[in-house]
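*Asks:* A structural model of the following input is requested.
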Amino acid sequence: MKKKVFLTLAMGAMAFGLFFGGQVGVLTDLPFELVTK
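*Replies:* Numbering: from 1, shown residues only. The predicted structure is shown next:
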């Protein structure tokens, strides 16, 4: 039972990290592109 809960949390954390990592990447790419142009 505990292992299943851990796996669910791990999957949720990964999806959460990917989603927020993507959001942060977009936010940091925009100013960078403006500076390099």
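
*Asks:* I'd like the mean pLDDT over stretch 5-14, please.
*Replies:* Confidence over stretch 5-14 (mean pLDDT, whole number) is 91.

*Asks:* again with stretch 23-37
*Replies:* Throughout stretch 23-37, pLDDT has a mean value of 74.

*Asks:* what are the ranges of the helices in this structure?
*Replies:* Taking DSSP state H as the criterion, the chain carries its helices at 2-36.

*Asks:* Next one: Val5 relative to Gly12, how far apart?
*Replies:* Val5 sits 11 Å away from Gly12, taking C-beta to C-beta, to the nearest Å as the criterion. In this view, the C-beta of every residue, glycine as well, is placed from N, C-alpha and C.

*Asks:* Actually, Gly21.
*Replies:* From Gly21 to Gly12 the distance is 14 Å (C-beta to C-beta).

*Asks:* ok, now Phe20?
*Replies:* Following C-beta to C-beta, the distance that separates Phe20 from Gly12 is 12 Å.

*Asks:* what about Leu27, how many residues close to it?
*Replies:* 10 (other C-beta atoms under 10 Å).

*Asks:* actually Val24, sorry about that
*Replies:* Each residue near Val24 was counted by other C-beta under 10 Å, and the total is 10.

*Asks:* Now for it: which residues touch it?
*Replies:* Residues touching Val24, when contacts are defined by C-beta atoms under 8 Å, 6 or more residues apart in numbering, are absent altogether.

*Asks:* So that it lines up with my notes, have the first residue be 272 from now on.
*Replies:* Shifting the count to begin at 272 puts that one at Val295.

*Asks:* Distance check, it against Leu278.
*Replies:* 26 Å.

*Asks:* Please apply the same query to Thr299.
*Replies:* As defined by C-beta to C-beta, Thr299 lies at a distance of 31 Å from Leu278.
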